[in-house]
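Enquirer: Sharing a model prediction with you, sequence too.
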Amino acid sequence: MLKKLKIPSALLFQFLIIFSLAFLLTIAEKTSKQVGLISDPVQEPVNEASLMTGSVKPGETLSLSLIRNGIPHFLVDEIVKPLTSLLDLRKCKPGDFFKLLITPDTSILSFEYWRGNKERYRVEEKDGAFVAYLAPVVFTRQIKTLSGEVHNSLWESMQTQVKSDELILRLSDIFAWEVDFLTEVQNGDRFKIIYEELFNEQNEFVEYGEILAAEFDLQGTKYTAINYKDSTGHSDYYDLNGNSLRKAFLKTPLNYRRISSGFSYSRKHPVFRINRPHFGVDFSAPWGTPVVAVADGQVIFSGWKSGLGRTVEVKHNNGFITCYGHLSRVAKGIYPGKRVSQKDIVAFVGSTGITTSPHLHYELRISGRPVDPLKVTFPPSSPVSKLFLADFEQTKEKWVYTLGLLEDLNLVALPQESMAK
């Protein structure tokens, strides 16, 4: 008969602990393996939208440009239809460009159409329909300075330093009542300008902004222009004393090459070869050169005047009348009774009537009496109002200080700011 084994209780207790631990480890391993099989579902890659860009070519409409760039016809219709309520898409210009954000399933997320680099239109889906609107364009405005010395002409001296000729034209316009840049400027004369440049969101130059201040040294005589805008919104260019640089009359009605004949009570006529009065100034200029009104007024004659050929006459305040003769044609909309503003184009240079070459015959009469327009001193426009003189002084001091720091041919960037248009 088998004898019963007697196992010490301490040993039995140790065995039970070891068995329990082994069992738990086995369960844990199985559980771990089972858990390891459970994982997050694999995420399908999200299809990203595509950005399509293009630009209009000569002779194209926006529709044709979109189709040429591979946009399906039905999408072109969805884009173009809302835009037609805002602009005439038949008048697209070469270089206008577009951006289309589209999903792989050909759903439009957004569309942008740029006319030039200053005008932007957007098309987006809203409440199940596509709508178009004019989107504001944010420009960064940089204030810069430019200074130099005249060599041959102001135009030649500045042209290599500017991004477009517009800045030169604006400078000459500011001093048009004080300086004749075609005849009075000489080598060695100096200029200084503080002006704005506008950049788009891609940091591309768009255009020039305002000229904030300028100085022109004409043979030792300094002319300074300060751009000042008062709290009523009125702005003008003023001298250091707050007087407007803008006169009631321009010095000349056009850009000309030379004065071919001056005002005289006895001049030998180039055709008749006899002495007779010449109550005007002849400005030699290319055929078709624009002729502008030298002051605000009303057209009192537009037609043919014997020796002067095609002629326009404008009546101004205080008994002043200006006459423009030998014209090739009269500008559209210029007729007796028409009100014109200073610098409005009224006609174009020609050689009609009795003349030997294209030029403008320009007369000025005061109360019916002919006078030499180059020798008349015209009164300025209104000065800075006394209410704003203190504010004007602060603006003037800031810009005069900056002008004083400029050196010839130096280009310095000043603070920037953003502006929306």
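Expert: Structure's in. What do you need? Residues are numbered from 1 along each chain as shown.
Enquirer: Report the beta-bridge partners for Tyr223.
Expert: Counting by DSSP bridges, Tyr223 is bridged to Phe216.
Enquirer: Just give me the neighbour total for it.
Expert: By other C-beta atoms under 10 Å, the residues close to Tyr223 number 17. Every residue, glycine included, has its C-beta placed from N, CA and C.
Enquirer: now do Glu363
Expert: 21.
Enquirer: Run through who's touching stretch 89-103.
Expert: Here stretch 89-103 makes contact (C-beta atoms under 8 Å, 6 or more residues apart in numbering) with 47, 49-58, 60-63, 65-66, 71, 75, 79-80, 83, 108-116.
Enquirer: Recalculate using a threshold of 6 Å.
Expert: Defining contact as C-beta atoms under 6 Å, 6 or more residues apart in numbering, one finds that stretch 89-103 is touched by 49-56, 58, 61-62, 108-115.
Enquirer: Just the strands from the stretch 151-300 of the chain, written as ranges.
Expert: Using DSSP state E, counting those that start in this stretch, the strands of the stretch 151-300 of the chain run over 190-199, 205-218, 221-229, 235-238, 258-261, 264-268, 275-278, 281-284, 290-292, 297-305.
Enquirer: how about those, which one is nearest Glu393?
Expert: Across the strands of the stretch 151-300 of the chain, Glu393 has its closest neighbour in strand 221-229 (9.9 Å, C-beta to C-beta).
Enquirer: Just the CA atoms of the closest one, as PDB, please.
Expert: Extracted C-alpha coordinates of strand 221-229, given in PDB (Å, rounded to 0.1, in the frame of the first residue of the first chain):
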ATOM      1  CA  THR A 221      17.100 129.300 -56.900                       C
ATOM      2  CA  LYS A 222      15.400 126.700 -54.800                       C
ATOM      3  CA  TYR A 223      11.800 125.600 -55.300                       C
ATOM      4  CA  THR A 224      10.300 123.300 -52.600                       C
ATOM      5  CA  ALA A 225       7.000 121.400 -52.700                       C
ATOM      6  CA  ILE A 226       5.300 119.900 -49.700                       C
ATOM      7  CA  ASN A 227       2.300 117.600 -50.200                       C
ATOM      8  CA  TYR A 228      -0.200 118.400 -47.400                       C
ATOM      9  CA  LYS A 229      -3.600 117.100 -46.800                       C
END
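Enquirer: What degree of burial does Thr395 show, as a neighbour count?
Expert: For Thr395, the tally of surrounding residues (other C-beta under 10 Å) stands at 19.
Enquirer: measure it to Ile226 for me?
Expert: For Thr395, the distance to Ile226 equals 6 Å [C-beta to C-beta, to the nearest Å].
Enquirer: same question, Pro336
Expert: Counting by C-beta to C-beta, the gap between Pro336 and Ile226 amounts to 40 Å.
Enquirer: neighbour count winner among these two?
Expert: Counted by other C-beta under 10 Å, Pro336 and Ile226 do not tie: Ile226 has more neighbours, with 25 against 12.
Enquirer: Isn't the more buried one up against Glu397?
Expert: No - counting by C-beta atoms under 6 Å, Glu397 is not a contact partner of Ile226; they are 9.7 Å apart.
Enquirer: what residue ranges in the stretch 1-150 of the chain score low on pLDDT?
Expert: The model of the stretch 1-150 of the chain has pLDDT under 70 over residues 1-47.
Enquirer: can we see that at 50?
Expert: 1-5, 28, 30-46 (pLDDT under 50).
Enquirer: tell me the centre residue of the chain?
Expert: Glu207 (4.0 Å; C-alpha atoms, centre = their mean).
Enquirer: Regarding Glu393, what is its secondary structure?
Expert: helix (DSSP: H, G, I helix; E, B strand; the rest coil).
Enquirer: Not including adjacent chain positions, what is the nearest residue to the residue nearest to the centre of the chain?
Expert: Leu198 (5.4 Å; C-beta to C-beta, 6 or more residues apart in numbering).
Enquirer: Run a quick neighbour tally on that neighbour.
Expert: Neighbours of Leu198 (other C-beta under 10 Å): 19.
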